[in-house]
Each structure stands twice: as C-alpha cells, then as structure tokens.
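Peer 1: Got a predicted structure here, sequence first:
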Amino acid sequence: GRLHTEDLQPLVEKAVDTQTVELGSKCYHGIQGLQAGDLVLPVVRARNSGGVGPWSRLPEASAGLRSLCTVPSLPAEMTVAPLLQRAGKTDHRPYSVTACWICPDGMGRPVQSFILRFTRLEDGVPGSSQHEVQIPCHGEEETVWSYGSTVSLANVHVNLAGGVHYVMQVRAATEIGSTNGWGSASLPLLAPPDVPLQPRAPSCLHRGDTTLRITWPEISEIWTGGSDVYRCRLRFAKHEDMADAVEASHEDARANLTDRTALVSGLQADECYYFQISVQNIVGWSEWSEPSEGIFTQSYRPDVPEMPHLEAAETHRITISWLPPYDGGKKIESYDTVLLHGGCEQHCREFGCLLNKINCVLASEAE
C-alpha cells in the first residue's frame, strides 16, 4: 500500500487518542481518513492502573497482510499528462514514436495493464469517438508497475495513420477493473509519414483504338501517407488475375499525379485490358491496387493492305493477290476492289488523288 514509515506515528497517536469500543468479548476501533486499498498494520497494547502492556505482534503471512487492507477500488485517474516523443527509426519510416506516462495509484491492487487512446487532433477535443485508435499495453508475468513509476511503449506509430497529428490519453486497469475516465491528454505529435495507402482500382476516362486514359480515385485525405506522391507506376494485363501483367514504361504512362490520370498507348484495338496502379512518396511505394474491371479499347478499321501483285494473266482474266492487313480487332468480312480499266497516265494520277482524298476522309471520321 501507500503506508510509509513517516506515516506510522500519526496513526498510532490517533489510535491512542481515540476511544476504543468494547462490545462483548471483542474490542473495536475505527480508523478514518484512509483510501481504497490502503494497508494498515495495527499494533495495540493495553493500559491500566498498573502500567502499559507489551505491543501485539504483526501478521507474518502476505494473506494476513491483505486481510488488513481497506476494500480496493478502481485505479486512480491519470493526473499527469502522458508524453509522445520521437525516437530513432525502427522501420522504413523517417522516425518512430514512443509513448511515456506515469503509473497511477492502483487503489489496493497492482496495475496489470494500460489502455492507450490516440485521437486525431483534426477531429477536435480528445474524447471524440471518430478516428480513434486504442492500443493495449500488457506487462510480462514478472512486470510490476508501481505507483509513480515511468512506463513506456515503443513503436506506437505502427498503429497510426502517417502524417496526422495525434494526442494520447491513458487509463490503467487492475483485477478490479479499469479507470472510469480517461486521463489528461498529451501534447500533439505528428505521426511519421508512411507509404501511401493502397489506391482503389483504376477506371477509364477515355478509350481510343490503341490508347486508354486511366484514372484512380483518392482513398481519403490521408491516402498519400503524410508525404506528397511524386511518382506512379501502372501495369496492365489481358487476364484479371494479372498473371501476364506488363508494367507500362514511364513514357507510356505519362501520369498526371495532380489529376491522378495516366495515358497508356501501344495497345491493341478491340482488346480487353485490366489495370493496376501503385504510387510512391518519400517513404516508398504503395501496394498495387485491386485490378480494374475489364476495359476494352475501341475497335479500329483495318490497316491499309499492301499493294496487290499480279499472280496470273490469261486472255480474258487476271488474278491478283495481297497479304491481309491488320484487322483492327474485328474480323475482316470483305474487300472492296476497284479496277482502272484501260486508263492512261493522266487517269491514273487523277484516280490516285481520288483515293488519297477518300483515305483522308476515313481517317478523320475514325478520329
């Protein structure tokens, strides 16, 4: 308990000065002004006209000592504000955070554990139910936390969101229960930045025949992990399990980090692709996002065939051939063939100009 040597004399004097009540075969004496769980070691002696008798013996066993305690209560509330402080880094982050506090009075029972509550300062005064993190702190079997001793817990930052200000409160627990209220709040401390949170699955802003403009939404205002994102990477695959994923080059991605968009080129027309995004800040890379839904490029008109070649010539017939062009993602169903019969050189030039105009019109319509 809290009974110190210098406290013994006043209690003895109080006992001597106070009248003892004798009821039946026992004597009763009440001692006031004690606190819950206080241990009192009473010794008594009797007086009569013949003098003063010897002092009684002290209990020897710990069980006997506990029987002389007042009824224990819940631990006292923390009156000294805890401390959050930076420490040397223990992982990939620039620094770690250690929590320190003073063990309160257990009120008759040893303190067995503590509960730490971290509240985001942006949410207002401590005690807000939003954005709270509670961390248990249990001692080893031989750990003894005595009243007034300093307790610390390292690396509490691993439970906090990076780049956010937090305040901490502590309450103690014994076998009787935990303190009713939370103690004083610490001064705020900025949790160290962490890798960005996992982005959500990308989606498509614009589809072309060989290009897709990909975007990804913010997760929250702290999705960057407390440090500005300055780089991204994008990968795509033709299967949802991303087993055949290919990472787009930085030039191909051409990401706009402010708008969270990226342009991917060099794709095949009328093909389905799945995308994942990962972003980097000063600490490191985020996890890959979940795969996007399947995104199709637009179908594309067939490429221009190679110039036809003469295969065979007969008196009233010729046979020409050409290699099939790229089909643009759709099966070629037919070919249009135009023959300039008996044309002179002037007619050939005019016909060539006409074909060029037709091709220009088709190209503008495709765009």
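Peer 2: In hand now; what should we look at?

Peer 1: Low-confidence regions, the stretch 251-367 of the chain specifically.
Peer 2: 251-255, 300, 328-329, 341-347, 358-367 (pLDDT under 70).

Peer 1: Can you list the residue ranges for helices in it?
Peer 2: Shown for the stretch 251-367 of the chain, the helices assigned by DSSP state H, counting those that start in this stretch span residues 345-366.

Peer 1: Please tell me I have it right and residue 270 contacts residue 302.
Peer 2: No - Residue 270 lies out of contact with residue 302 (C-beta atoms under 8 Å); the separation is 11.5 Å. The C-beta positions use only the backbone N, C-alpha and C, and glycine is treated the same way.

Peer 1: For residue 305, give its distance to residue 333.
Peer 2: Residue 305 sits 14 Å away from residue 333, going by C-beta to C-beta, to the nearest Å.

Peer 1: Check residue 190 too.
Peer 2: Residue 190 sits 65 Å away from residue 333, taking C-beta to C-beta as the criterion.

Peer 1: Ok, residue 213 next?
Peer 2: For residue 213, the distance to residue 333 equals 30 Å [C-beta to C-beta].

Peer 1: Neighbour count: the two, which is higher?
Peer 2: Comparing residue 213 with residue 333 by other C-beta atoms under 10 Å, the one with more neighbours is residue 213, at 16 against 7.

Peer 1: OK, contacts around the more buried one?
Peer 2: Residue 213 makes contact with 204, 205, 206, 207, 261, 262, 263, 264 under the criterion C-beta atoms under 8 Å, 6 or more residues apart in numbering.

Peer 1: Point me to the helix or strand that includes it.
Peer 2: strand 212-215 (DSSP states H and E).

Peer 1: May I have the strands that pair with that strand, each with its orientation?
Peer 2: strand 203-207 (antiparallel), strand 261-264 (antiparallel) (DSSP bridges).

Peer 1: average model confidence for the first one?
Peer 2: Across strand 203-207, the average pLDDT comes to 89.

Peer 1: Flag every buried residue along that strand.
Peer 2: In terms of neighbour count (16 or more other C-beta atoms under 10 Å), strand 203-207 has its buried residues at residue 204.

Peer 1: Can I get it in CSV, CA atoms only?
Peer 2: C-alpha atoms of strand 203-207 as CSV (Å, rounded to 0.1, in the frame of the first residue of the first chain):
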residue,chain,number,x,y,z
SER,A,203,-11.1,3.2,-64.2
CYS,A,204,-11.2,4.5,-67.7
LEU,A,205,-11.7,8.2,-68.7
HIS,A,206,-11.3,7.9,-72.4
ARG,A,207,-11.0,5.0,-74.9
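
Peer 1: Residues touching it, excluding its own?
Peer 2: For strand 203-207, the surrounding residues in contact (C-beta under 8 Å, 6+ apart) are 212-217, 261, 292-293, 295-298.

Peer 1: right, and the helix or strand after the strand holding residue 213?
Peer 2: Counting by DSSP H and E, the next helix or strand C-terminal to strand 212-215 is strand 231-237.

Peer 1: on contacts alone, who are the packing partners of that next one?
Peer 2: Strand 231-237 sits against strand 246-247, helix 250-253, strand 261-264, strand 272-280, with contacts defined as 3 or more C-beta pairs under 8 Å, 6 or more residues apart in numbering; DSSP states H and E.

Peer 1: and the angle for the last one with strand 203-207?
Peer 2: By that I understand strand 272-280. 120 degrees (axes from the mean of the first three to the mean of the last three C-alpha atoms, to 10 degrees).

Peer 1: Run the angle between strand 272-280 and strand 231-237 for me.
Peer 2: Between the axis of strand 272-280 and that of strand 231-237 there is an angle of 160 degrees, by the same axes, to 10 degrees.

Peer 1: Is residue 151 in contact with residue 103, as I believe?
Peer 2: Yes - Residue 151 is within contact range of residue 103, at 5.5 Å (criterion: C-beta under 8 Å).

Peer 1: Can you work out which residues contact both of those two?
Peer 2: Residues touching both residue 151 and residue 103 by C-beta under 8 Å, 6+ apart: residue 145.

Peer 1: More neighbours: which of those two?
Peer 2: Higher neighbour count among residue 151 and residue 103: residue 103, with 22 against 18, using other C-beta under 10 Å.

Peer 1: Quick check: the residue with the largest distance to the centre of the chain vs residue 308, distance?
Peer 2: Computed with C-alpha atoms, centre = their mean, the maximum C-alpha offset from the centroid of the chain is found at residue 315, amounting to 81.7 Å. Distance of residue 315 to residue 308, given as C-beta to C-beta: 20 Å.
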